[in-house]
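Asks: For reference, the sequence and a predicted model appear below.
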Amino acid sequence: MTMRPRENGSLSGVRIDDRRPGDTRISPTSVQKPGCGTVGVAEMLVRNGIMARAALTEDLAFLESEGGSLKPLGITRYPRSQNDAPAMDMVTLHVGGVSGSNGDTFQPEHALKMQALVEEAPDVQGANAYIMRPLMFAGIANARADAVSANDKKGPFLFMISRGQMGSSIAKDLNGLPVVTTTQVNNTSRKGSATNLTYVLCGNFRRATIARVGVIELALSEHFAFANDQVAIRVVTRLDFGLARPQSFVICPTLIQA
């Protein structure tokens with residue numbers, strides 16, 4: 001994927017640039033010829049694959065891109081405040097309660113603290129979602145207190161998670177807010193000798209601005225790989241991303257993944 005800037009503008013105090021993530025895929029023309037039973041099907045599959053990749057590329061950039069003239073600044077790359085001290089134009093830092101030299105542990109009290117820090121930003125709307133890795137949520141949902149002996153982990157569940165209803169799946173929520181799980185959240189953060197740490201992000205995602213021109217541009221060319229009897233399918237999206245209020249987001253970094 002490449003990103004090419006074009007024109008600049010602004011929206012609600014957020015700087016918006018015309019960035020263009022693009023990709024190209026090659027499809028054999030033989031599967032599009034009459035009589036093969038796949039006319040239009042192969043092209044649809046390739047188009048869907050390209051669009052799915054474009055969406056994932058955008059998501060990763062919005063979360064973790066280092067920013068620059070060719071790509072937006074991701075939420076986790078914004079400047080951070082001091083611990084538990086919301087500051088203007090900074091993502092609020094919340095350090096894990098059990099802080100170790102090789103990683104921190106996410107404790108039950110952290111979730112409500114992160115939600116409170118969003119409101120303290122101040123943000124009257126408050127947080128509306130969490131983002132974390134799937135295994136991180138699984139560890140949170142399964143965390144239990146000790147019951148009979150130390151470290152037996154057979155006691156009550158520690159986090160405020162809906163255990164679901166009989167016959168229904170357990171909803172992905174935490175303290176009443178939806179949890180979005182994705183492997184786009186990295187698990188390669190470092191602290192001390194640890195290299196497999198991750199983070200939990202909480203915030204009011206209504207403060208995240210996605211500026212998009214059109215939807216998606218698809219173009220076909222039979223000349224790019226004509227000698228090989230192939231068709232090139234190109235996709236381009238025109239968009240940018242920014243936080244209207246960075247202080248409406250809280251990150252708990254360098255966490256040991258459950």
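Replies: Here it is on my side, so go on. Numbers count the residues shown, from 1 in each chain.

Asks: For the stretch 51-200 of the chain, just list every one of the helices.
Replies: Ranges of helices in the stretch 51-200 of the chain, per DSSP state H, counting those that start in this stretch, are 108-119, 134-142.

Asks: ok now the longest one, how far from the chain's centre?
Replies: Spelled out, it's helix 108-119. 19 Å (C-alpha atoms, centre = their mean, to the nearest Å).

Asks: returning to what we had before: mind telling me which of the helices of the stretch 51-200 of the chain the model trusts least?
Replies: Across the helices of the stretch 51-200 of the chain, helix 134-142 has the smallest mean pLDDT, namely a mean of 91.

Asks: now the helices of the stretch 51-200 of the chain in CSV, with mean neighbour count and distance to L45?
Replies: All C-beta atoms are positioned from the backbone trio N, CA, C, and that covers glycine. Formatted as CSV, the helices of the stretch 51-200 of the chain follow (neighbours: other C-beta atoms under 10 Å; distance: least, C-beta to C-beta, whole Å):
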stretch, mean neighbour count, distance to L45
helix 108-119, 19, 41
helix 134-142, 18, 26
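
Asks: Select, out of the ones you listed, the one closest to M160.
Replies: Among the helices of the stretch 51-200 of the chain, the nearest to M160 by C-beta to C-beta is helix 108-119 (7.2 Å).

Asks: Show me what the closest one is packed up against.
Replies: strand 194-203, strand 249-255 (3 or more C-beta pairs under 8 Å, 6 or more residues apart in numbering; DSSP states H and E).

Asks: Next one, pLDDT for the residue lying closest to A87 once chain neighbours are set aside please.
Replies: In space, and not counting its chain neighbours, A87 is closest to S81: 4.0 Å by C-beta to C-beta, 6 or more residues apart in numbering. What the model reports for S81 is a pLDDT of 98.

Asks: V91 is in contact with S81, correct?
Replies: Yes: if you go by C-beta atoms under 8 Å, S81 and V91 touch, sitting 7.2 Å apart.

Asks: how near is the residue most central in space within the chain to K153?
Replies: Geometric centre of the chain, nearest residue: L63, 4.8 Å, by C-alpha atoms, centre = their mean. Per C-beta to C-beta, to the nearest Å, L63 is found 31 Å from K153.

Asks: and what of A129?
Replies: 28 Å.

Asks: Tell me which of these two has more neighbours.
Replies: A direct count of neighbours by other C-beta atoms under 10 Å for A129 and K153 places A129 higher, at 16 against 13.

Asks: ok, back up a step: could you point out which of the helices and strands packed on helix 108-119 sits nearest H223?
Replies: strand 194-203 (44.8 Å).

Asks: That closest one: which residues count as buried?
Replies: 197-203 (16 or more other C-beta atoms under 10 Å).

Asks: relative to helix 134-142, how tilted is it?
Replies: Counting by axes from the mean of the first three to the mean of the last three C-alpha atoms, to 10 degrees, strand 194-203 lies at 70 degrees to helix 134-142.

Asks: Could you list the residues in contact with strand 194-203?
Replies: Contact partners of strand 194-203, identified using C-beta atoms under 8 Å, 6 or more residues apart in numbering, comprise 63, 75-76, 102-104, 106, 110-111, 114-115, 118, 127-133, 136, 177, 185-191, 248-257.

Asks: Nice, that's everything, thank you.
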